[in-house]
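Undergrad: okay, structure incoming, though there's no sequence with it:
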């Protein structure tokens, strides 16, 4: 019985609360004007975010470019090696063994 | 503003809005703002919060206009976007702890005693604030918006059995809460 009473009480409460709040009438006034301001903010936020990301990624790409530059600068080039080999004395040249290895002189 | 006789259908306004016609979007908003404000008013008693939530719904609609396929009436799609936005809003409020709950019940008891629709709304909103976001959403849609279980399942993407189970638990919890609030 108590369960039924509680159920009925809740049903009556919901029925009383169903009509739309009078606040809605007041809020309708000027709603689209306020919304337009929100949309302008949303538009500028979405265009700014692309620029933001590009700006944020700059240091990352700069680091990659620098690292590549350092790597290529420190790595000896094949032509340099050949030139060095040509200029250095025969004594320092490692002998290649007949089977492709380097023999100790 | 277009005279009623020449007012284009929602789908036509959506198409124009997608092409960048702001007036078309404004016309769409004016057509549906009352319904969206009414839905938002179910989740808060504070006018600023109601307005804020309704604004968020339409901003989301504007952002997602490209996703409207037109295979169902615009109103259905709008309802789905609105329900999802309300649910996100409820979860954010719960995380922030900004909901006005039972701790404010004493301030509103005298209003609840006064009777009437406003008092009932106050009491229901206070009581529903104590439920989890999914339970609050379901009970609001079921009891205040008078949606069917099937409609709620379509709006939320939850299964009908999930909706029924949550509704059952929510009603049971709400009975206890309301008994505490009412003298």
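TA: Received, thanks. The structure displayed is predicted, hence computed values, not measured ones. Numbering: from 1, shown residues only, chains lettered A, B, ... in the order given.

Undergrad: now whichever strand or helix holds residue B:84: buried residues?
TA: In this structure, residue B:84 sits in helix B:74-96 according to DSSP states H and E. For helix B:74-96, a neighbour-count test (16 or more other C-beta atoms under 10 Å in any protein chain shown) marks B:74, B:77-79, B:81-87, B:89-90, B:93 as buried. Just so you know, the C-beta spots here come from the backbone N, C-alpha and C atoms, and that holds for glycine as well.

Undergrad: give me the mean pLDDT for it.
TA: The predicted model assigns helix B:74-96 a mean pLDDT of 93.

Undergrad: which strands or helices does that helix pack on?
TA: Helix B:74-96 sits against helix B:10-18, helix B:22-40, helix B:47-63, helix B:133-139, helix B:149-156, with contacts defined as 3 or more C-beta pairs under 8 Å, 6 or more residues apart in numbering or on different chains; DSSP states H and E.

Undergrad: which of the ones you listed sits most buried?
TA: Counting by mean count of other C-beta atoms under 10 Å in any protein chain shown, helix B:133-139 has the highest mean neighbour count of the helices and strands packed on helix B:74-96, with a mean of 24.

Undergrad: near chain A at all, that one?
TA: No: taking C-beta under 8 Å from any C-beta of the partner chain as the criterion, helix B:133-139 and chain A are apart, separated by no less than 8.8 Å.

Undergrad: what's that helix packed up against?
TA: Using 3+ C-beta pairs under 8 Å, 6+ apart, helix B:133-139 sits against helix B:74-96, helix B:149-156, helix B:160-181.

Undergrad: try it again at 6 Å.
TA: Packing contacts for helix B:133-139, counted by 3 or more C-beta pairs under 6 Å, 6 or more residues apart in numbering or on different chains; DSSP states H and E, involve helix B:74-96, helix B:160-181.

Undergrad: which residues does that helix contact?
TA: B:87, B:90-91, B:94, B:128, B:163, B:166-167, B:170 (C-beta atoms under 6 Å, 6 or more residues apart in numbering or on different chains).

Undergrad: related to what we said a few turns ago, and the angle for the helix holding residue B:84 with helix B:22-40?
TA: With axes from the mean of the first three to the mean of the last three C-alpha atoms, to 10 degrees as the basis, helix B:74-96 and helix B:22-40 are set at 60 degrees to each other.

Undergrad: gap between residue B:166 and residue B:177?
TA: Using C-beta to C-beta, to the nearest Å, residue B:166 is found at 16 Å from residue B:177.

Undergrad: the two: which is more packed in?
TA: More crowded of residue B:166 and residue B:177, by other C-beta atoms under 10 Å in any protein chain shown: residue B:166, with 22 against 19.

Undergrad: now for the more buried one: which residues touch it?
TA: Applying C-beta under 6 Å, 6+ apart, we find residue B:166 in contact with B:134-135, B:138.

Undergrad: report pLDDT for the residue nearest to the spatial centre of chain B.
TA: The residue lying closest to the centre of chain B (C-alpha atoms, centre = their mean) is residue B:39, at 3.6 Å. pLDDT recorded at residue B:39 is 96.

Undergrad: pLDDT weak spots in chain B?
TA: For chain B, residues meeting the criterion pLDDT under 70 lie at B:1-5, B:98-115, B:183.

Undergrad: in it, what residue comes closest to chain A?
TA: Closest residue of chain B to chain A, C-beta to the nearest C-beta: residue B:120 (3.5 Å).

Undergrad: now the spatially closest residue to that residue that is not a sequence neighbour: which helix or strand?
TA: Nearest residue to residue B:120, sequence neighbours excluded (C-beta to C-beta, 6 or more residues apart in numbering or on different chains): residue A:16, at 3.5 Å. Secondary structure assignment for residue A:16, by DSSP H and E: helix A:2-17.
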